[in-house]
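Engineer: Sequence plus the predicted model coming up.
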Amino acid sequence: METERRTHTLGLVYPPAGPDHDYTGMQLTFIGGIAEYAAGHDYDLLLSPSDAEGDASFRRMVGDRRVDGLILMEIRREDDRVDHLLKASLPFVTMGRNRRSDEMSWVDLDFAGLAAGCVRHLCDLGHERIAFVNRSEQLFQIGYGPSHLGLEGFTKTMAELGLTGNTYQCGDDFASGESCLERILRDDPATSSLVTMNEAALGGLYLGLIRHGRSVPRDFSVVGVVAGTWAERVTPALTAAEVPAREMSRVSVELMVERLASPEAPPRHVLLRPLISLRASTGPFRPAPGDESDLDDLDDLNF
């Protein structure tokens, strides 16, 4: 891009809020972090809440060359915006991966690996019946990458370890979390733990457990893949693989600046694998009173 045509502006495309939900804390952290790091590189930031290639604001940003480069948040497995950007030859970076990831620079989390790590942590504590609380059905249906990758990591690891569990899609809000917990215990009352990727529903999941008389972590363990601020906000604090939102924002801006400085360089890929931070929401499996496992224990006692 020639110097005289530079706008000194980066574009950020992020999903628009829906009629039934607002932006999550994690999404706002991503947006704020990108704005901050862009300013640190002397770039302004132009925002576009678009989820499809045909959205007017996305078309104007790309077609009118209003930005020097573009960061695309929350891409889908099949994403016409990525296809459009590749054809338009506008430098861009994605937060997430899809089928064309080899052709572009991206930063992402190892969501499959993180979900698998959560399952293994619960298994090490003796839990055998584990539920998975995913993001909403709407996000899953449009191909939201973390939802699919997290589910894949959960189901594969559960099968490898010979564990039993059900999976649930849950809306991004408090009430949906409580309703989801109701379904979990109705479907399998013996469920003793869950893995969640839905931070916005976390408070509702906790409340649902309280309403059913389940104490965390004495009677029920909870582990998640969420932002650290959400993990610390609930009581007891959540054992979690923390989503490093600010780190991902920083890396996405740096990858973008690199693309602008060396447009002919090969795309660069950064896959982050944060560790699980142990807090107070997970503990050893304890059979419920009257559980068959209690009867098994009695066989080992001498009277």
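Structural biologist: Arrived safely, thanks for sending.
Engineer: List the buried residues of the helix or strand where residue 231 lies.
Structural biologist: Secondary structure from DSSP states H and E places residue 231 in helix 228-233. For helix 228-233, the neighbour count (16 or more other CB atoms under 10 Å) marks 228, 230-231 as buried. The C-beta positions use only the backbone N, C-alpha and C, and glycine is treated the same way.
Engineer: now these in TSV, with distance to residue 17?
Structural biologist: Shown next, in TSV, are the buried residues of helix 228-233 (distance: CB to CB, whole Å):
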residue	distance to residue 17
228	23
230	18
231	23
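Engineer: which one of these is nearest residue 139?
Structural biologist: Nearest to residue 139 out of the buried residues of helix 228-233 is residue 230 (CB to CB; 17.3 Å).
Engineer: Spatially, what comes nearest to that closest one if we skip its sequence neighbours?
Structural biologist: Among residues not flanking residue 230 along the chain, residue 199 sits closest, at 4.1 Å (CB to CB, 6 or more residues apart in numbering).
Engineer: Likewise for residue 33?
Structural biologist: Using CB to CB, 6+ apart, the closest residue to residue 33 is residue 249 (2.9 Å).
Engineer: Any idea how far apart the tips of stretch 166-185 sit?
Structural biologist: End-to-end distance of stretch 166-185 (CA to CA, to the nearest Å): 10 Å.
Engineer: For it, give me every contacting residue.
Structural biologist: Contact partners of stretch 166-185, identified using CB atoms under 8 Å, 6 or more residues apart in numbering, comprise 20-21, 24, 131-137, 140, 147, 151, 154-155, 187-188, 191, 194, 196, 198, 200-209, 211-212.
Engineer: Could you rerun that using 7 Å?
Structural biologist: The contact list for stretch 166-185, computed with CB atoms under 7 Å, 6 or more residues apart in numbering, reads 21, 24, 131-137, 140, 151, 154-155, 187-188, 191, 194, 198, 200-205, 207-209, 212.
Engineer: same question, stretch 276-283
Structural biologist: Counting by CB under 7 Å, 6+ apart, 117-118, 121-122, 125, 216-218, 221-223, 231, 236-242 sit against stretch 276-283.
Engineer: Low-confidence stretches in the chain?
Structural biologist: 1-4, 18-21, 289-303 (pLDDT under 70).
Engineer: quick one, domains of it?
Structural biologist: Using automatic domain parsing, the domain ranges for the chain come out as 3-109+244-273, 111-243+277-285.
Engineer: and among those domains, the most buried is which?
Structural biologist: Mean neighbour counts were taken over the domains of the chain using mean count of other CB atoms under 10 Å, and the top value, a mean of 20, falls to domain 111-243+277-285.
Engineer: And that domain, end to end?
Structural biologist: Using CA to CA, the end-to-end distance of domain 111-243+277-285 comes to 25 Å.
Engineer: for that domain, the distance to its chain's centre please.
Structural biologist: Offset of domain 111-243+277-285 from its chain centre (CA atoms, centre = their mean, to the nearest Å): 12 Å.
Engineer: what's the spacing between residue 45 and residue 69?
Structural biologist: Distance of residue 45 to residue 69, given as CB to CB, to the nearest Å: 11 Å.
Engineer: what residues are shared contacts of those two?
Structural biologist: Common neighbours of residue 45 and residue 69 (criterion: CB under 7 Å, 6+ apart): residue 10.
Engineer: Between the two ends of stretch 42-55, what distance do you get?
Structural biologist: 28 Å.
Engineer: Residue 109 and residue 247 touch, don't they?
Structural biologist: No: counting by CB atoms under 7 Å, residue 109 does not reach residue 247; the two are 9.9 Å apart.
Engineer: joint contacts of the two?
Structural biologist: By CB under 7 Å, 6+ apart, the residues touching both residue 109 and residue 247 are residue 272.
Engineer: before we move on, the earlier item: helices or strands next to the helix holding residue 231 in the packing?
Structural biologist: strand 239-242 (3 or more CB pairs under 7 Å, 6 or more residues apart in numbering; DSSP states H and E).
Engineer: Distance from the following helix or strand past the strand it packs on to the middle of the chain?
Structural biologist: Next helix or strand after strand 239-242 toward the C-terminus (DSSP H and E): helix 245-261. Distance of helix 245-261 from its chain centroid, counting by CA atoms, centre = their mean, is 19 Å.
Engineer: tell me what helix 245-261 is packed against?
Structural biologist: helix 25-40, strand 69-73, strand 92-95, strand 105-109, strand 269-272.
Engineer: Now render the ones you listed as TSV, adding distance to residue 175.
Structural biologist: Below are these laid out as TSV (distance: least, CB to CB, whole Å):
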stretch	distance to residue 175
helix 25-40	17
strand 69-73	26
strand 92-95	28
strand 105-109	27
strand 269-272	31
